[in-house]
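Chemist: When you get a sec, could you give me coordinates for this:
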Amino acid sequence: MSASPRTFFQVLRPHTSRRGKSLYSGLVVAGATYLLCRAVWLGVGGASDSRQDARAGPDIHKWDFQAGFVREDKEVRSRLPQDAVNGTSPHRRALRYLIEEPDFCSRFPDLRIISYVHSAARKTENRQLIRDTWGSMKYYQQIHLRIFFVFGAAASQEEQDIINEESEKHHDIIQLDFVDSYKNLSYKGVSALQWITEHCQQAQWILKSDDDMIINVFGLVDYLDVYSKWLASRNEGPPNTIMCAVWWGMPVLRGKGCAKWCVTEDEWPEKSYPTYCSGSAFVIPTHLAPKLYHAYFHAPFLWVDDAYISGVLPRQAGIKHRPIHSLYELNHFLMAKNVIHGNRLFCHHPGKALPRAAWWPLIAAKEGRG
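Modeler: Okay, the predicted model is just below:
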């Protein structure tokens, strides 16, 4: 193993031939040039509605906290088993660490935001991209944010070797003893809440993200600073809300045609989910992590992780939601207009990591952090 970790671009760079290296370099230059031209073109085309957004940093005057009302979710419990509503659900236990990193947060003075990222063992490129862009230590003194990646037990020794190698290089991986599978994603969220409750209460905020997100962390820090000052001006205590793109009254999918998202009545008897967040990214005040983690031992379980972590557990814990839809761009075709020339902070960009990487220099340059 190399003594120093490779960057995202070193992970992707072909090593087979001079022709392969030339092709790779050409693709990177062409991709970056295309995105820059596209961003400029869309910026001109959308000047009428985004001229104020083109300056470095998000426009804090557009953040109307008073308008961001909090809607309390209606409790619907009539069909839930009483032991799941009032007592500890059967077979619920604290998860056991395979890789713990208990001193991770103590290594970073003045830590403000601890971010946990859902990932799979083979998505090495996605993780390296985050380490080299919005999660880079290069920006720590400016934003005081650190990331860690959450895993369950690997499906094979080959996958475990990938996890072990990255853990030894970066020391930013937490692994627990549930089987890492699609229907166990809720346990990844519980694992993060458990670990933060036990090892990272000094951070002020928790940022949850998927590994195919690009996040303007500079704008996020500005937003949270202004939000905190707004709360202080109203003499409000610590916020009891999760901030996210909020989904209300989402129906439970059943029957034919719902593919992997089908949920049976035995799995969730209600016709709709509790109010919950888009799972792409959301922000939680760190002091709420113990409440959410404790709710895991009492709330009915649901394998749909977005609805469970940001819906079922908050409902059990009496935690509300603050909508911040205007900070999300979930259509990557609109990134140039709404992210580079606008105020969107959370950007979903599915697919290969290389095209996603080309956007980061534009975001950093916009914020004057290039």
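Chemist: Count the neighbours of the closest residue to residue 231 other than its chain neighbours for me.
Modeler: Nearest non-adjacent residue to residue 231, counting by C-beta to C-beta, 6 or more residues apart in numbering: residue 239, 6.3 Å away. For every residue, glycine as well, the C-beta is placed using N, CA and C. Using other C-beta atoms under 10 Å, residue 239 is surrounded by 20 other residues.
Chemist: helix/strand/coil for residue 239?
Modeler: coil (DSSP: H, G, I helix; E, B strand; the rest coil).
Chemist: swap in the one 4 residues further on?
Modeler: The assignment at residue 243 comes out as strand when based on three-state DSSP.
Chemist: With residue 226 instead?
Modeler: helix.
Chemist: and it, what pLDDT?
Modeler: Per-residue pLDDT puts residue 226 at 94.
Chemist: Report the separation between it and residue 233.
Modeler: According to C-beta to C-beta, to the nearest Å, residue 226 and residue 233 sit 10 Å apart.
Chemist: More neighbours: the two, which one.
Modeler: Between residue 226 and residue 233, counted using other C-beta under 10 Å, the more crowded position is residue 226 (15 against 9).
Chemist: mind checking the longest strand of the protein?
Modeler: strand 145-153 (DSSP state E).
Chemist: Mind giving me the packing neighbours of it?
Modeler: Strand 145-153 is packed against strand 113-118, helix 124-132, strand 173-179, helix 185-199, with contacts defined by 3 or more C-beta pairs under 8 Å, 6 or more residues apart in numbering; DSSP states H and E.
Chemist: 6 Å instead, please
Modeler: strand 113-118, strand 173-179, helix 185-199 (3 or more C-beta pairs under 6 Å, 6 or more residues apart in numbering; DSSP states H and E).
Chemist: Run through the helices of the stretch 151-300 of the chain in chain order.
Modeler: For the stretch 151-300 of the chain, the helices defined by DSSP state H, counting those that start in this stretch occupy 157-170, 185-199, 217-233, 289-296.
Chemist: which of the ones you listed is buried the deepest?
Modeler: For the helices of the stretch 151-300 of the chain, average neighbour numbers computed from mean count of other C-beta atoms under 10 Å are highest in helix 185-199, which has a mean of 22.
Chemist: Now do that helix: which elements does it pack against?
Modeler: Using 3+ C-beta pairs under 6 Å, 6+ apart, helix 185-199 sits against strand 145-153, strand 173-179, helix 289-296, helix 305-307.
Chemist: wouldn't residue 307 be in contact with residue 276 here?
Modeler: Yes: applying C-beta atoms under 6 Å, one finds residue 307 in contact with residue 276, separated by 4.7 Å.
Chemist: between these two, which one's more packed in?
Modeler: Of the pair residue 307 and residue 276, residue 276 is the one with more neighbours under other C-beta under 10 Å, namely 28 against 24.
Chemist: and the more buried one, what pLDDT?
Modeler: 98.
Chemist: low-scoring pLDDT stretches of this structure, where are they?
Modeler: Low-confidence segments of the chain (pLDDT under 70): 1-91, 354, 370.
Chemist: At the geometric centre of it, which residue do we find?
Modeler: In the chain, the residue lying closest to the centroid (C-alpha atoms, centre = their mean) is residue 209, at 1.0 Å.
Chemist: show me what contacts it?
Modeler: 115, 117, 281 (C-beta atoms under 6 Å, 6 or more residues apart in numbering).
Chemist: Residue 122: helix or strand, and which one exactly?
Modeler: Counting by DSSP states H and E, no helix or strand carries residue 122.
Chemist: Surely residue 350 is in a strand?
Modeler: No: secondary structure assignment (three-state DSSP) places residue 350 in coil, not in a strand.
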